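A.B. asks: Next comes the sequence, and after it the predicted model I'd like to discuss.
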Amino acid sequence: MQFQQPNPGFQQQMMMGGQQQFSQQQMMGPPQGGYPGGGYQQNQGRGGYQGGNNMYRQKSWPQQQLQMGNFPGFARQGPPPVKKDFSQYYSLYVGNLSNITFDQDLYKFFQSKGYKLAGAKVMFNRETSQSKCFGYLNFHSSEEAERCLAEQNNAKIDNKSIVLNKKKDSDFDRDANLLVLNLPKDLDQLGLSKLFADFGNIKSCKLEVWQDGTSRSFGYVQLDNKENALKAIAKLNGSKVGDAVIEVKVHA
């Protein structure tokens, strides 16, 4: 690549936060050791920008703490971020959230109900930046978490009935996971939960709804063990709820 000789005293400004400057004077090719200001450095090795027989690679700007971790090929400067230790908190999983519900919305809702939260977090897809419609609530005490679980399961946030359960209760018994069909349209999620209240501890209860919030007439109830699930099936399958005859079976 041939470089044209600039006029003497030619000043070139380079934007580095609006302040960095350097001059190019009587240049007949890249200066030995790279451009002043550390913008580019001559490099005969691999990688970088190729121009003729010369190759250049970007190096970090002086007097600036650039976070290069967001750019491919660059390592983040400085120490790695410290991960927060959540082991000291008591957590609840909160599901069936609206896609317009965010961290602050969760925090304000439960704070307004009188609960002392350490924090609230909604999970997002990193690629699409869309909400995964679930998150976590962190409490300073197990008593506060248990009180919230007992009182706020099936509460409505942004017109969606939420599902609360303990964060570590992910190993549910599949034989105790029930599918409930042909539910009446006017039965909400709280009503579905009450329908199974006499059959042991309800781990999770979710009524499927359309986008406008109306019932799709089926839902899921997770009980604590297979025995209680079989009792619920024996009692409720084929029973009448409102004007509907419901079907209850194990969700395969």
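C.D. replies: Great, that's in hand.
A.B. asks: domain assignment for this protein?
C.D. replies: 86-170, 172-252 (automatic domain parsing).
A.B. asks: any chance of those domains in CSV, with mean neighbour count and mean pLDDT too?
C.D. replies: Where C-beta positions appear, they are placed from N, C-alpha and C, glycine not excepted. Below are the domains of the chain laid out as CSV (neighbours: other C-beta atoms under 10 Å; pLDDT from 0 to 100):
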stretch, mean neighbour count, mean pLDDT
domain 86-170, 16, 89
domain 172-252, 16, 92
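A.B. asks: OK, contacts around K226?
C.D. replies: 173, 175-176 (C-beta atoms under 8 Å, 6 or more residues apart in numbering).
A.B. asks: V209 now?
C.D. replies: Counting by C-beta under 8 Å, 6+ apart, the residues that V209 touches are 160-161, 215-216.
A.B. asks: Over to N96?
C.D. replies: 133-134, 160-163, 206.
A.B. asks: Confirm for me that K231 is in contact with F199.
C.D. replies: Yes - at 5.5 Å, K231 counts as touching F199 under the criterion of C-beta atoms under 8 Å.
A.B. asks: Break down the stretch 151-252 of the chain into its helices, ranges please.
C.D. replies: 189-195, 226-236 (DSSP state H, counting those that start in this stretch).
A.B. asks: Quick one, which of those gets closest to G242.
C.D. replies: Taking C-beta to C-beta, helix 189-195 is the member of these nearest to G242, at 9.5 Å.
A.B. asks: C-alpha coordinates for that closest one, CSV please?
C.D. replies: The C-alpha trace of helix 189-195 is given here as CSV (Å, rounded to 0.1, in the frame of the first residue of the first chain):
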residue,chain,number,x,y,z
GLN,A,189,-56.1,-20.4,38.8
LEU,A,190,-56.9,-19.9,42.4
GLY,A,191,-60.1,-21.8,42.0
LEU,A,192,-58.2,-24.7,40.4
SER,A,193,-55.8,-24.7,43.3
LYS,A,194,-58.7,-24.8,45.8
LEU,A,195,-60.2,-27.8,44.0
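A.B. asks: on that earlier part again, now distance to N125 too, for the helices of the stretch 151-252 of the chain, in JSON lines please.
C.D. replies: Below are the helices of the stretch 151-252 of the chain laid out as JSON lines (distance: least, C-beta to C-beta, whole Å):
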{"stretch": "helix 189-195", "distance to N125": "25"}
{"stretch": "helix 226-236", "distance to N125": "33"}
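A.B. asks: Figure out which of those is closest to Y115.
C.D. replies: Comparing the helices of the stretch 151-252 of the chain by C-beta to C-beta, helix 189-195 comes nearest, at 18.7 Å.
A.B. asks: which other residues reach the closest one?
C.D. replies: 153-154, 161, 180, 183, 187, 202, 205-207, 219, 221, 236, 241.
A.B. asks: For T214, give me its contacts.
C.D. replies: K185.
A.B. asks: And it, its phi and psi?
C.D. replies: phi -80, psi 150 (degrees, to the nearest 10).
A.B. asks: How much space separates it from K185?
C.D. replies: Per C-beta to C-beta, to the nearest Å, T214 is found 7 Å from K185.
A.B. asks: Ok, C133 next?
C.D. replies: 23 Å.
A.B. asks: Which pLDDT value does the model give G45?
C.D. replies: Confidence at G45, expressed as pLDDT, is 40.
A.B. asks: Let me know the secondary structure of K132.
C.D. replies: Secondary structure, DSSP: H, G, I helix; E, B strand; the rest coil: K132 is strand.
A.B. asks: what sits against it?
C.D. replies: 122-125.
A.B. asks: okay but G219 is in contact with S204, surely?
C.D. replies: No - contact between G219 and S204 fails when scored by C-beta under 8 Å: they sit 10.3 Å apart.
A.B. asks: Common neighbours of those two, please.
C.D. replies: Listed contacts common to G219 and S204 are nil; contacts here mean C-beta under 8 Å, 6+ apart.
A.B. asks: Output the contacts of K132 in JSON lines; the columns should cover distance to E144 and secondary structure.
C.D. replies: What follows is the contacts of K132, written out as JSON lines (distance: C-beta to C-beta, whole Å; DSSP: H, G, I helix; E, B strand; the rest coil):
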{"residue": "V122", "distance to E144": "20", "secondary structure": "strand"}
{"residue": "M123", "distance to E144": "22", "secondary structure": "strand"}
{"residue": "F124", "distance to E144": "26", "secondary structure": "strand"}
{"residue": "N125", "distance to E144": "30", "secondary structure": "coil"}
